[in-house]
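Enquirer: What follows is a predicted structure for the sequence shown.
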Amino acid sequence: MKSWIIVGLTAACLSVGAYLVTAKKPTAGSVASPASQSRLQATPPEKPAAAPAKPAPPVVLADVVEVTDLDPLLDPPARPVVGAPFDAEAAVVPASAPAAPDRIPPAADEPAVAPLPPGAVVVPVFGPGGQLLGIRYFF
């Protein structure tokens, strides 16, 4: 399994390397074919983008309106401490679950089921559509 992964990774690396070598773009100093030179010369030169117009000066309001006064929220006035603290209540005893019995008795409405004798075989019976039709016991 590992050898297949190594072979696959090696093949992928070699194919990527071969692609990069063959798809290398010509540099400015290299000699290009006449067809590519005509393609390069046929495109018109790009026009420089027009300079955007100067933005309008910002509008300043004549009067600044204070919407909210945050000082009382940031520094609330001190209140005198009166009354009992929060922990002065009586201790609450947590409710506990009843102890589980050592053995859970069987349900009253279930009949007792005896285990299969040794050597018994249970075989499921399937219909033509694959649905389970029943179970056969062989002793």
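Expert: Happy to help now that I have it.
Enquirer: What is the longest helix along the chain packed up against?
Expert: Ranked by residue count under DSSP state H, the longest helix found in the chain is helix 2-22. Helices and strands touching helix 2-22, as assessed by 3 or more CB pairs under 8 Å, 6 or more residues apart in numbering; DSSP states H and E, are absent. Glycine gets a C-beta too; all of them are placed from N, C-alpha and C.
Enquirer: Buried ones in that helix, by neighbour count?
Expert: Using 16 or more other CB atoms under 10 Å as the test for burial, helix 2-22 gives no buried residues.
Enquirer: Check the average confidence over that helix, would you?
Expert: For helix 2-22, the mean pLDDT works out to 91.
Enquirer: do stretch 75-93 as well
Expert: pLDDT averaged over stretch 75-93 gives 69.
Enquirer: Output the longest helix of the chain as PDB, nothing but the C-alphas.
Expert: C-alpha atoms of helix 2-22 as PDB (Å, rounded to 0.1, in the frame of the first residue of the first chain):
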ATOM      1  CA  LYS A   2       2.800   2.400   0.900                       C
ATOM      2  CA  SER A   3       4.700   1.600  -2.300                       C
ATOM      3  CA  TRP A   4       1.700   2.500  -4.400                       C
ATOM      4  CA  ILE A   5       1.400   5.900  -2.600                       C
ATOM      5  CA  ILE A   6       5.100   6.500  -3.100                       C
ATOM      6  CA  VAL A   7       4.900   5.700  -6.800                       C
ATOM      7  CA  GLY A   8       1.800   7.900  -7.200                       C
ATOM      8  CA  LEU A   9       3.400  10.900  -5.500                       C
ATOM      9  CA  THR A  10       6.600  10.400  -7.500                       C
ATOM     10  CA  ALA A  11       4.600  10.300 -10.700                       C
ATOM     11  CA  ALA A  12       2.600  13.400  -9.700                       C
ATOM     12  CA  CYS A  13       5.800  15.400  -8.900                       C
ATOM     13  CA  LEU A  14       7.400  14.400 -12.100                       C
ATOM     14  CA  SER A  15       4.400  15.300 -14.200                       C
ATOM     15  CA  VAL A  16       4.100  18.700 -12.500                       C
ATOM     16  CA  GLY A  17       7.800  19.300 -13.100                       C
ATOM     17  CA  ALA A  18       7.500  18.400 -16.700                       C
ATOM     18  CA  TYR A  19       4.600  20.700 -17.100                       C
ATOM     19  CA  LEU A  20       6.400  23.600 -15.500                       C
ATOM     20  CA  VAL A  21       9.500  23.100 -17.800                       C
ATOM     21  CA  THR A  22       7.400  22.900 -21.000                       C
END
